[in-house]
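Peer 1: pasting a predicted model and its sequence here:
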Amino acid sequence: MRNKLLLSSFLASFITLLAVCLLFLASYPETSTKTIFLTCFLPGFLICLVVSILFTLSYWQTVEHFFSKHVQGIVNLDDIDLISSWQKIIDYYEKKIQQLESTNQFTLSLMNQLTEGVLIFNQERRILFTNEAIEEMLSYPLLAAKMYTWEVLASYTLHGQIEQVIDTQVHAEGEFVLHQEGPRYLYYRILPLSTFIVRQDKAEYLLILQDLTHLRKLEKVRTEFVSNVSHELKSPIAAIVGFSETLISETLPVDKQNKYLKIIEKNAQKMATIIHDLLILSRLENAHQMMKKVFPLHRLLVEAVNVCQKEAQQKNIQVVFSVEPPSLELEGNESLLLQVFRNLIENAIRYSPDGTTVNIDAFKEAHFIEVIVQDQGCGIPAHEKERVFERFYRVDKSHSGDYASGSGLGLSIVKHIVLLHQGFIQLDSVVGAGSKFIVKLPVSNLTKA
């Protein structure tokens, strides 16, 4: 390659020299050829040779440095051809650009799959990069708007931490609450980037946001659950301890002793019911498989009504049910589904006034079998409809009287069993007009025929 470069530069100079000599000869025809050779051609030839050598050596060092640094693995320097070599270099870097674009698309796709929000900003607080998660958290297309952090992060605490990280170059982390439609609890981590990611002119910083709202709700549910369990067990335990101490410390007539013993037994039974229902809930939440079979729905409802008949007779409540068609069959775990309808019927009886009617209707609707249990009780306010399926939640806040005779877990158990059968339960209620619980269970392949 170096020899080719020397020859090319010398030939270019020599041709230029010949052109100058011929031009000079044409301009001054009276001048002899010998004179032109001695005064013009020979010195010019020597100058062309020296200049070609110097130019080649100087330029070759630049070419050699460039090729050894940038394209050593692309072309061979010894047998390089100018046109083909440059074409190889162009093809190589086009391929590299395609790879970088592919990597960039992959990285962007990967960042958008993260549940954590990612935001990169510079020392001027201008937003340089965001992923979809953080835009969803903040409900704003941040990058497209070319906004600053203080315009979209509505938290005085977070802005203070950003200032601190920029000043000290030490990472910071913590939590803040973002108030949108409702409070949103976010964990943040801010750290300076040691290398440039987006641009090369200003320092860059990374902000990571993690949504803890669901976790905080679970913690609240757990706290409420512990509080409710404590409340539910506190009253029967206090009654058992109080009447037991009275029986031990005092000499009482037999009739009073029997009365106190019955109170102790009743409260012990209530505690046993609560613990039994809690164990059922625990098993249901951890159940992944269950035994299923096909059975007549009419038979199941007859059994559920018979179990609740004694309580209905005490309140002079009539339980009326119908199944259309009477041969309608259901696939599932019969004992668990019996508990579902037993709990719903017991609730309907418990919350209905004396002398009223509880209606049960079962029928097939599209791909579901619907069972509706309707009472004529006091009804449930609209703002409490979703909460009636929570553990220990009661519409009646007194926790006393007949309304508190259950464990407070019945509807929660019902919901878990229905979900375990890939179904769902709805509540339709009007205050003063009664409540209607609608259970929808999918029609299986075995019962479609």
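Peer 2: Noted; the coordinates are in hand.
Peer 1: and the average pLDDT for stretch 183-196 is what?
Peer 2: The average pLDDT for stretch 183-196 rounds to 84.
Peer 1: ugh, wrong one, stretch 298-310
Peer 2: 90.
Peer 1: with stretch 139-155 instead?
Peer 2: Mean pLDDT, stretch 139-155: 72.
Peer 1: with stretch 438-449 instead?
Peer 2: pLDDT averaged over stretch 438-449 gives 70.
Peer 1: which element is residue 371 on?
Peer 2: Using DSSP states H and E, residue 371 falls within strand 368-374.
Peer 1: against which helices or strands is that strand packed?
Peer 2: Using 3 or more C-beta pairs under 8 Å, 6 or more residues apart in numbering; DSSP states H and E, the elements in contact with strand 368-374 are helix 297-314, helix 334-350, strand 357-365, strand 434-442. To be clear about C-beta, it is placed using only N, CA and C from the backbone, and glycine gets the same treatment.
Peer 1: what about residue 316, distance to residue 50?
Peer 2: From residue 316 across to residue 50, the span is 127 Å (C-beta to C-beta, to the nearest Å).
Peer 1: quick one: the helices in the stretch 151-300 of the chain, in order.
Peer 2: 156-168, 213-249, 254-285, 297-314 (DSSP state H, counting those that start in this stretch).
Peer 1: who wins for proximity to residue 409 among those helices?
Peer 2: Closest to residue 409 of the helices of the stretch 151-300 of the chain, according to C-beta to C-beta: helix 254-285, at 4.0 Å.
Peer 1: buried residues, that closest one. List them.
Peer 2: 260, 264, 267, 270, 271, 273, 274, 277, 278, 280, 281, 284 (16 or more other C-beta atoms under 10 Å).
Peer 1: could you give the angle of that helix to helix 213-249?
Peer 2: 160 degrees (axes from the mean of the first three to the mean of the last three C-alpha atoms, to 10 degrees).
Peer 1: elements contacting helix 254-285?
Peer 2: helix 213-249, helix 410-420.
Peer 1: and the angle from that helix to helix 410-420?
Peer 2: The directions of helix 254-285 and helix 410-420 differ by 20 degrees, with the same axes, to 10 degrees as the criterion.
Peer 1: distance between helix 254-285 and the chain's centre?
Peer 2: Remark: helix 254-285 is offset 42 Å from the chain centroid, using C-alpha atoms, centre = their mean, to the nearest Å.
Peer 1: quick one: average pLDDT of that helix?
Peer 2: 81.
Peer 1: now the angle from that helix to helix 334-350?
Peer 2: Using the same axes, to 10 degrees: helix 254-285 against helix 334-350 is 130 degrees.
Peer 1: tell me who's in contact with residue 297.
Peer 2: Neighbour list for residue 297: 323, 328, 329, 330, 362, 369, 371 [criterion: C-beta atoms under 8 Å, 6 or more residues apart in numbering].
Peer 1: which one (most neighbours) among those?
Peer 2: In terms of neighbours by other C-beta atoms under 10 Å, these top out with residue 371 at 28 neighbours.
Peer 1: pretty sure that one sits against residue 360.
Peer 2: Yes: when contacts are counted by C-beta atoms under 8 Å, residue 371 is listed as touching residue 360 (7.0 Å).
Peer 1: where do the contact lists of those two overlap?
Peer 2: Contact with both residue 371 and residue 360 is made by residues 301, 341, according to C-beta under 8 Å, 6+ apart.
Peer 1: residues in contact with the strand holding residue 371: which ones?
Peer 2: Under the criterion C-beta under 8 Å, 6+ apart, residues 297, 301, 328, 330, 341, 344-345, 348, 358-364, 423, 434-443 lie in contact with strand 368-374.
Peer 1: now the buried members of the residues you listed.
Peer 2: 297, 301, 328, 330, 341, 344-345, 348, 358-362, 364, 423, 434-443.
Peer 1: mind listing what residue 123 touches?
Peer 2: By C-beta under 8 Å, 6+ apart, residue 123 lies in contact with 166, 202, 203, 205.
Peer 1: now those as CSV including neighbour count, distance to residue 415 and pLDDT?
Peer 2: Below are the contacts of residue 123 laid out as CSV (neighbours: other C-beta atoms under 10 Å; distance: C-beta to C-beta, whole Å; pLDDT from 0 to 100):
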residue, neighbour count, distance to residue 415, pLDDT
166, 17, 50, 88
202, 14, 55, 71
203, 15, 53, 81
205, 22, 46, 89
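Peer 1: what two of the residues you listed are the furthest from one another?
Peer 2: Spatial extent of the contacts of residue 123 (C-beta to C-beta) is set by the pair 166 and 202 at 10.9 Å.
Peer 1: just to revisit the earlier point, what's the most distant pair in the contacts of residue 297?
Peer 2: By the measure C-beta to C-beta, 329 and 371 form the most distant pair in the contacts of residue 297, at 13.1 Å.
Peer 1: distance check, the closest residue to residue 367 other than its chain neighbours against residue 327.
Peer 2: Closest residue to residue 367 apart from its sequence neighbours, by C-beta to C-beta, 6 or more residues apart in numbering: residue 443 at 5.3 Å. Distance of residue 443 to residue 327, computed by C-beta to C-beta: 14 Å.
Peer 1: residues contacting the closest residue in space to residue 363 that isn't next to it in sequence?
Peer 2: Spatial nearest neighbour of residue 363, chain neighbours left out: residue 324 (4.7 Å); criterion: C-beta to C-beta, 6+ apart. By C-beta under 8 Å, 6+ apart, the contact set of residue 324 is 361, 362, 363, 364.
Peer 1: now do residue 348
Peer 2: By C-beta under 8 Å, 6+ apart, the contact set of residue 348 is 358, 373, 374, 375, 377, 435, 437.
Peer 1: now the closest residue to it other than its chain neighbours: phi and psi?
Peer 2: Counting by C-beta to C-beta, 6+ apart, residue 348 lies nearest to residue 375, which is 3.8 Å off, once chain neighbours are set aside. Per-residue torsions, residue 375: phi -120, psi 180 (degrees, to the nearest 10).
Peer 1: just give me the neighbour total for residue 375.
Peer 2: 26.
Peer 1: pretty sure residue 175 contacts residue 189?
Peer 2: No: using C-beta under 8 Å as the test, residue 175 is too far from residue 189 to be in contact (10.5 Å).
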